[in-house]
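> Need a 3D model of the following:
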Amino acid sequence: MTAPTHQTIDLGHIRLQALTWGPDDGPLALCLHGFPDSAWTWRHLGPVLADAGYRVVAPFTRGYAPSEIPVDRDYHVEALMYDALALHHALGGGDDAVLIGHDWGALTAHGVGFHAGTPFRAMVAMAVPPVPALRRAARGRGRVRIFARQALMSWYMVFNQLPLVAELSIRRLIPLLWRRWSPRGAIDELRPDVENALAAVPGREHASAVLGYYRATLRSPRPGRRYEHLAGEWLQAPRVPTLYLHGSDDGCMQARFVDTVREVLPPDGRAVVVAGAGHFAHLDRHDEVAALITDFLGPV
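Got it, this is the predicted structure:
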């Protein structure tokens, strides 16, 4: 496994730390992590994309250490989209850039993929479907059973709303979610990922930032003024070529939503269920997922 280099990226409104792989002159592949995770989640995919010729940049997203906590404390998806677009600009990305996102990073990618004038030619999203796919599932057969089960799986989203309690519990919550969401299961095998995720929330301030993603989404419908031109775009389906991947054994989000994902992707999009993988398919089945992504993106 090729070790990454570390880069500080000053976006003006926030400084982000990132892991990077690959040649400086390669097309940009921006990789966005989710919860409870960190930029180290791309440690398998990053070197593969670098070998294919991409310049891979995987930031620790806003509020995740060692990146800064934003001054405005805004964690709406529109703020994450703004950061992704700003990263493309700051890194000198071209029209050959690609965006890859998992979990919150997937929601960000869906929104950026819908945004008019998006600078990314293609997207890869994992583990969280576009919102229109969920809406279609809510109108389909078996919807009561599907969403009743999903409500049970999503209990942590309600727990994350609890002030102070969630902050004080996050160092126990993170290992619990990794064990439940990954078929690898055994804590010894998951330990590096859990430790990387815990390192991104070293104290209460960072814990509040990470939990802020959930609190912003459920408590406040409007992002701050800086991001308001992007309002609601993450609730749409991407319009650029998109590969959607979902683990068959995902303990966080049901793989059965993939059926409706196929209905909302553009004609040149694909949706694939990765057999034997959980919520972190890019880690659980990293060779298979890397092959799917490089095949979809095509040669540099």
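
> switch to C-alpha atoms for all contacts and neighbour counts from now on
Will do.

> got the contact list for stretch 177-195?
36-37, 40-41, 174-175, 249-252, 276-280, 284 (C-alpha atoms under 8 Å, 6 or more residues apart in numbering).

> Surely His246 and Val273 touch.
Yes: using C-alpha atoms under 8 Å as the test, His246 is close enough to Val273 to be in contact (5.0 Å).

> if we can go back for a sec, from the contacts of stretch 177-195, which single one is nearest Arg15?
Nearest to Arg15 among the contacts of stretch 177-195: Trp40, at 17.9 Å, using C-alpha to C-alpha.

> Tell me if the closest one really is in a strand.
No: using DSSP: H, G, I helix; E, B strand; the rest coil, the assignment for Trp40 is helix, not a strand.

> mind listing what it touches?
For Trp40, counting by C-alpha under 8 Å, 6+ apart, the contacting residues are Leu19, Asp193, Asn196.

> Correct me if wrong, but the first one is in a strand.
Yes: the assignment for Leu19 (three-state DSSP) places it in a strand.

> Spatially central residue in this structure, please.
The chain has Gly105 as the residue nearest its centroid, 2.1 Å off, counting by C-alpha atoms, centre = their mean.

> Tell me the spacing between it and Leu152.
23 Å (C-alpha to C-alpha, to the nearest Å).

> which stretch of helix or strand covers Leu243?
strand 242-247 (DSSP states H and E).

> Return the distance of the helix or strand of the chain with the lowest mean pLDDT from the chain's centre.
Every helix and strand in the chain was compared by mean pLDDT, DSSP states H and E; the lowest is helix 187-199, with a mean of 89. Chain-centre distance of helix 187-199: 18 Å, with C-alpha atoms, centre = their mean, to the nearest Å.

> now the angle between helix 187-199 and the following helix or strand past it, please.
As assigned by DSSP H and E, the chain's next helix or strand after helix 187-199 is helix 204-219. With axes from the mean of the first three to the mean of the last three C-alpha atoms, to 10 degrees as the basis, helix 204-219 and helix 187-199 are set at 90 degrees to each other.

> same question for helix 204-219, mean pLDDT?
Per-residue pLDDT over helix 204-219 has a mean of 96.
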